[in-house]
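S.K.: Turn this into a structure:
(2 chains)
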Amino acid sequence: MGFFSEVLILFFAGIFNAWLYARKLRKRNRDWDQILWVLWDFGVIGCGVLVYLNVIPVGLLHTWLPWVQATNGPNWMWNSFQLFGAPVLIDYSALPATAQSGLNTIAALIFLCYFGIYHLGGDFGRMLYGRRSHEGGLWYGLAPLHKPKEAKEAEKSAKK
Amino acid sequence: MAQKVLVTGAKGHTGSFLVKLLVEKGCEVVATDLPPRERSDLMKKETVFRNDLHYMDIEVMEGVTFMPADLTDKESLRPLFKDQQFDVVYHPASLYDYFALIDLLRKINVGGFKNLLEVIHEECDPFPRFLHWSTCGVYGQPKYERDPKTKMPIPANETAPYDPPNAYSVSKREQEELLKELAAQWNIPYTIIRPGPIYGPYQSYGMFHIFYLINRIGWMAAPHAYPRWRRLMMPMVHVENLVQGAEFLAQHDEAIGEAYNVCDDPVTQEEWLEYVYTLLGIKYTNFIVPWIFYKAMAGYLYGIVRKENEKARKWNLRPHIDLSMADYISHQYYFSNQKIKNLGFKFKWDPISGTAETIKWYKDRGWLESEQPAIIKDPREA
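M.R.: Coordinates of the predicted model:
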């Protein structure tokens, strides 16, 4: 979790769910679109808020990922790009109370933006994989041709 | 007295519509095409997306005599002309397949055509009125004159020089040259019809691929190229306009020895595509793009299609889009239909109403999938 990684997760979750819904779930029950949306958006926001409020401890992260300097929830949430080796840029604990309350307001706004990020990923996914059950999306038009079995076998026997 | 006519390629898309029209006009129709098995072996193009699509069944039409024959087998053509004299021979038969190799196209379209003309010459006296199907593709992308005020291109007419861009159009050019050469020797009362890409109900290749792909992809872009005068046109003809045009030309002696473009009235690609997207209920994104970027984008897409075509040929598969179809996104194909209009022909369909009718037909029968089940079932598919 963390603002940076959650945004990425939600965007790709949107794409993945669009694929899952178009290819697998839509035929069974169209409500899956809403169910996935609620699960992902509120799940990720819930986790993020709980981490930010230090309800979910982040101390263990340092044990699993030694390069991550996660001392408390807000510190980790603002510096989640540490996952990719970037240094700590915003030391929340060291900031004065007024700056912390400002950051908290921004954090609330970022959490609200998550809905949009998921939606953006979903739109992109629908463009790629189609919205309706008979649609294949851009992937249908642009997917490369697959080498048929016979051609593969012929190549193998030629090599031998 | 009812005219007696021969229609070649009668089981194809244009052929079947032509037979239907001629029967409605009260003609006595002899229809010919390959025997069913040979035809389905050759026409793989009709099964790129689905293999359950059929053209109209002409054999069940009243007043039609079906006699199978093979253009490449000269002797199989002779029985068509034994003991019967035709007033008009309509010759739409051809291998219309952009993926076919030039040798096969030459064998059928040029060699077969030569066989047909020779047999008619040997068996019929006088040579019947002959309507030959060519294509606007024989022009390639001509050099267009431009309107000095708007800079918009002026559509090419029948005097544009030959410059065929693909193997199919090369074979059509050779057919035309052969016809003109033999017509001079044998006094053939011919007329050449040059249709644009044909669309309409029952079509399962060419324009159908565009409809099918758009419907299947479900999201499309609608680029608006600038400057405006660079925008590409959508040359096409509704199958009913085409067959009515052919029947019209057959009745006009002024048309003998002439060639006629048969294309619907002009429409720009973007205008037409947006209409298609709307009819299909497809989400699309409009955006403005300078011509130079549009050209680069189209070139990139063309490159992808070319690669897929190369792979398909190597692996003996069929690509979704034949390379020559992709030409339309980067080349200006714009042809005038004024010559046939000057003779007095009136087009039944314009590109917008024709497209609407065609898409409705496809959707009603489930040829283009939608969330609603097909309304009309083809009894042969049951």
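S.K.: Helices of chain B, start to end?
M.R.: Assigned by DSSP state H, the helices in chain B fall at B:13-24, B:36-42, B:74-81, B:102-105, B:113-123, B:167-186, B:207-217, B:239-250, B:269-280, B:291-315, B:323-326, B:338-342, B:351-364.
S.K.: Give me the angle between the last one and helix B:269-280.
M.R.: Spelled out, that is helix B:351-364. Going by axes from the mean of the first three to the mean of the last three CA atoms, to 10 degrees, helix B:351-364 is angled at 30 degrees with respect to helix B:269-280.
S.K.: And helix B:351-364, how far out from the chain middle?
M.R.: Distance of helix B:351-364 from the chain centroid (CA atoms, centre = their mean, to the nearest Å) equals 17 Å.
S.K.: looking at the chain, which helix or strand does the model trust least?
M.R.: Picked chain A for this. helix A:59-64 (a mean of 74; mean pLDDT, DSSP states H and E).
S.K.: that answer is for a different chain, and I need it for chain B
M.R.: Between all helices and strands in chain B, the lowest mean by mean pLDDT, DSSP H and E belongs to helix B:36-42, at a mean of 88.
S.K.: Need the CA coordinates for that helix. PDB is fine.
M.R.: Only the C-alpha atoms of helix B:36-42 are listed here, as PDB (Å, rounded to 0.1, in the frame of the first residue of the first chain):
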ATOM      1  CA  PRO B  36     -20.500 -26.200 -54.700                       C
ATOM      2  CA  ARG B  37     -17.500 -28.100 -53.500                       C
ATOM      3  CA  GLU B  38     -15.000 -26.400 -55.800                       C
ATOM      4  CA  ARG B  39     -16.600 -23.100 -55.000                       C
ATOM      5  CA  SER B  40     -16.300 -23.500 -51.200                       C
ATOM      6  CA  ASP B  41     -12.700 -24.700 -51.600                       C
ATOM      7  CA  LEU B  42     -11.800 -21.600 -53.600                       C
END
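S.K.: Name the residues of it that are buried.
M.R.: For helix B:36-42, the neighbour count (16 or more other CB atoms under 10 Å in any protein chain shown) marks B:R39, B:L42 as buried. C-beta here means a position set from N, CA and C on the backbone, and glycine is covered the same way.
S.K.: now what about it, what contacts it?
M.R.: With contact meaning CB atoms under 8 Å, 6 or more residues apart in numbering or on different chains, helix B:36-42 is reached by B:K11, B:D33, B:L34, B:D70, B:L95.
S.K.: Which ones among those lie within strands?
M.R.: Among the contacts of helix B:36-42, no member falls in strands (DSSP state E).
S.K.: Looking at those residues, spot the one nearest B:Y162.
M.R.: Distance to B:Y162 across these (CB to CB) is lowest for B:L95, with 19.5 Å.
S.K.: Please name the nearest non-neighbouring residue to that closest one.
M.R.: Excluding the flanking residues, the one nearest B:L95 by CB to CB, 6 or more residues apart in numbering or on different chains is B:I108, at 4.4 Å.
S.K.: Kindly report the residues of chain B close to chain A.
M.R.: Contact residues (CB under 8 Å from any CB of the partner chain) of chain B with chain A: B:213, B:215-219, B:283, B:304, B:308, B:311-312, B:314-317, B:319-320, B:369-371.
S.K.: Try it again at 7 Å.
M.R.: Counting by CB under 7 Å from any CB of the partner chain, chain B comes close to chain A at B:213, B:216-219, B:304, B:308, B:311-312, B:315, B:317, B:319, B:369-371.
S.K.: need the contact list for the nearest residue to B:Y144 once chain neighbours are set aside.
M.R.: Of all residues not flanking B:Y144 in the chain, B:P153 sits nearest, at 3.7 Å (CB to CB, 6+ apart). B:P153 is in contact with B:Y144, B:R146, B:Q332, B:Y334, counting by CB atoms under 7 Å, 6 or more residues apart in numbering or on different chains.
S.K.: B:P153 bridge partners, please.
M.R.: Following DSSP bridges, B:P153 is listed with bridge partners B:R146.
S.K.: Among the contacts of helix B:36-42, pick out the one closest to chain A, please.
M.R.: Distances from chain A to these, taken as CB to the nearest CB, are shortest for B:L95 (23.0 Å).
S.K.: Could you report the neighbour count for residue 80?
M.R.: By default, I'm working from chain A. 24 (other CB atoms under 10 Å in any protein chain shown).
S.K.: that's the other chain; I wanted chain B
M.R.: 21.
S.K.: Surely it and B:D70 touch.
M.R.: No: contact criterion CB atoms under 7 Å: B:L80 and B:D70 do not qualify, at 11.2 Å.
S.K.: Would you mind measuring from the closest residue to A:G85 other than its chain neighbours to A:Q82?
M.R.: For A:G85, ignoring the flanking residues on the chain, the nearest one in space by CB to CB, 6+ apart is A:W67 at 6.3 Å. Separation of A:W67 from A:Q82 (CB to CB, to the nearest Å) stands at 7 Å.
S.K.: Same check on A:C113?
M.R.: According to CB to CB, A:C113 stands 21 Å off from A:Q82.
S.K.: Please name the residues that touch B:F17.
M.R.: In this structure, B:F17 makes contact with B:V239, B:E240, B:V243, judged by CB under 7 Å, 6+ apart.
S.K.: again, only this time at 10 Å
M.R.: B:F17 is in contact with B:10, B:55-56, B:58, B:92, B:198, B:200-203, B:238-240, B:242-244, B:246, counting by CB atoms under 10 Å, 6 or more residues apart in numbering or on different chains.
S.K.: And A:G136, by the same measure?
M.R.: A:G136 is in contact with A:A22, A:R23, A:L128, A:Y129, A:G130, A:A143, B:L213, B:N215, B:R216, B:I217, B:G218, counting by CB under 10 Å, 6+ apart.
S.K.: From A:V49, how far off is B:G354?
M.R.: As for B:G354, its distance to A:V49 is 58 Å (criterion: CB to CB).
S.K.: repeat for B:G299
M.R.: Going from B:G299 to A:V49 by CB to CB gives 49 Å.
S.K.: what does B:K348 give?
M.R.: Using CB to CB, B:K348 is found at 65 Å from A:V49.
S.K.: ok, these two, which is more surrounded?
M.R.: The neighbour comparison of B:K348 against A:V49 (other CB under 10 Å) goes to A:V49, with 16 against 12.
S.K.: Which strand or helix spans that one?
M.R.: According to DSSP states H and E, A:V49 maps onto helix A:32-52.
S.K.: and B:W219, what pLDDT?
M.R.: We have a pLDDT of 90 for B:W219.
S.K.: ok, it - contacts?
M.R.: Counting by CB under 10 Å, 6+ apart, B:W219 makes contact with A:123, A:126-131, A:135, A:137-138, A:141, B:277, B:282-285.
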